[in-house]
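Asker: Provided below are the primary sequence and the corresponding predicted coordinates.
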Amino acid sequence: MKTKYLYLVIALLLSVNGISGTTVKEVSTNKTSITEKLFVAYNNGIPEYYYSDINHKSGSSKSLKTVNVRIYWDIWGNFIKLGLNQNQNLNKINNESFSTKDYERLHFLLNDLHSGIQYYKFDNYSAEKSEQQYYNVDAMSGATVVDASYDCVKGAVKTCYDLYKFTHGDMVSTIVKNTKSSLQNMPDEVKLNKVASKVINNEKVTSPFLNTVADSDEKNSVAYISSAIELARQSRLLNKEFNTWLETCFINSNNTKEKTIIYNYLIQNGYKTKAIRSYQVEKTK
């Protein structure tokens, strides 16, 4: 019984001592393949999102420009957005800066778990050679011609490839591991745990159960929303009532991370109401 309520006691003590709210901590990766630092933002002891900064070189190979890019993930390792410093931009091989449309295209690419870019091998290629090989189907590895969707930003294939590989690489498993560890001692009565435990155990649920998830007024909304969406993903459910609930949460939310998490999921599933279509993802950190 004591263990069962330990989590709530800790949260209460943090609040009493003025440590409530969001705190950021570094996550130990313990992987030789990961050289970048990973950070997690906790809200009253519950993980809310993760991020990592990478120094990416974009532009032509003769005049590469180093840009600090921040990638954000939800608590289950799904891409949220990228962030740049206010005065920085990604460049193409002609050294033109990305346009607003280019950033939108890059966001959609990074949000696409099934993008054909994952089948290419451009690690040791220059920006120009990557651009040339991208449109050559013989350069693809482990995929058919049908997979060549050409959804990269024209003139920035290497940048798209590098950022996609990092976003969907080894960081994801580290994020999931840390989230599981953070949530495993939550009391059964906490609504977040009722959803998160099913994600952790890789359970499949039915639409009626998903509808009960949508009825919740869970206060730690970012973690709850992320877990509810992940549960829908792993259950492979396309539920109209659930999506409508998500849109309502999207409209009522003042949290940009939460709004973008919902936006990404609904766009992936072809849910494009006016409120969703008109949303602009900020490219700043």
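Answerer: Yep, it's here.
Asker: isn't S227 right up against L192?
Answerer: Yes - here S227 lies in contact with L192, judged by CB atoms under 8 Å, at a distance of 6.5 Å. Where C-beta positions appear, they are placed from N, C-alpha and C, glycine not excepted.
Asker: and the two? which has more neighbours close in?
Answerer: The residue with more neighbours, out of S227 and L192, is S227; 28 against 21, by other CB atoms under 10 Å.
Asker: point out where the stretch 151-285 of the chain drops to low pLDDT.
Answerer: Scanning the stretch 151-285 of the chain for pLDDT under 70 picks out 188-189, 219-220.
Asker: from the contact counts, what lies against the longest strand belonging to the chain?
Answerer: For the chain, the longest strand by residue count, based on DSSP state E, is strand 46-58. Helices and strands touching strand 46-58, by 3 or more CB pairs under 8 Å, 6 or more residues apart in numbering; DSSP states H and E, are strand 38-43, strand 65-73, helix 157-167, helix 171-183, helix 221-235.
Asker: columns distance to N95 on top of these, output as TSV?
Answerer: Putting the helices and strands packed on strand 46-58 into TSV (distance: least, CB to CB, whole Å) gives the following:
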stretch	distance to N95
strand 38-43	31
strand 65-73	8
helix 157-167	12
helix 171-183	29
helix 221-235	38
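Asker: ok, which of these comes nearest L109?
Answerer: The minimum distance between L109 and those falls on helix 157-167, with 5.7 Å, by CB to CB.
Asker: just the residues contacting the strand or helix carrying N193, thanks.
Answerer: When secondary structure is defined using DSSP states H and E, the element that contains N193 is helix 191-200. With contact meaning CB atoms under 8 Å, 6 or more residues apart in numbering, helix 191-200 is reached by 46, 76, 180, 183-184, 186-188, 205, 213, 216, 218, 220, 223-224, 227-228, 230-231, 234.
Asker: before we move on, what about stretch 207-215?
Answerer: For stretch 207-215, using CB under 8 Å, 6+ apart, the contacting residues are V195, A228, L231, A232, S235, L237, N239, E241, F242, W245, L246.
Asker: pull out the buried residues from it.
Answerer: The neighbour-count criterion (16 or more other CB atoms under 10 Å) identifies F209, L210, V213, A214 as the buried residues of stretch 207-215.
Asker: next, the angle from the longest strand of the chain to helix 157-167.
Answerer: Using axes from the mean of the first three to the mean of the last three CA atoms, to 10 degrees, the interaxial angle of strand 46-58 with respect to helix 157-167 works out to 150 degrees.
Asker: can you list the strands that strand 46-58 pairs with?
Answerer: strand 38-43 (antiparallel), strand 65-73 (antiparallel) (DSSP bridges).
Asker: hang on, the earlier thing: restricted to helices, list the buried residues of stretch 207-215.
Answerer: Of the positions in the buried residues of stretch 207-215, F209, L210, V213, A214 sit in helices, assigned by DSSP state H.
Asker: got the residues you listed as TSV, with distance to R105 columns?
Answerer: Compiled in TSV, those are given as follows (distance: CB to CB, whole Å):
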residue	distance to R105
F209	36
L210	31
V213	32
A214	31
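Asker: give the contact list for the residue positioned nearest the centre of the chain.
Answerer: Averaging the C-alpha coordinates of the chain gives a centre point, and the residue nearest to it by CA atoms, centre = their mean is F79 (1.6 Å). Neighbour list for F79: I71, Y72, W73, L110, N111, T167, H168, N264 [criterion: CB under 8 Å, 6+ apart].
Asker: all good on my end, thank you.
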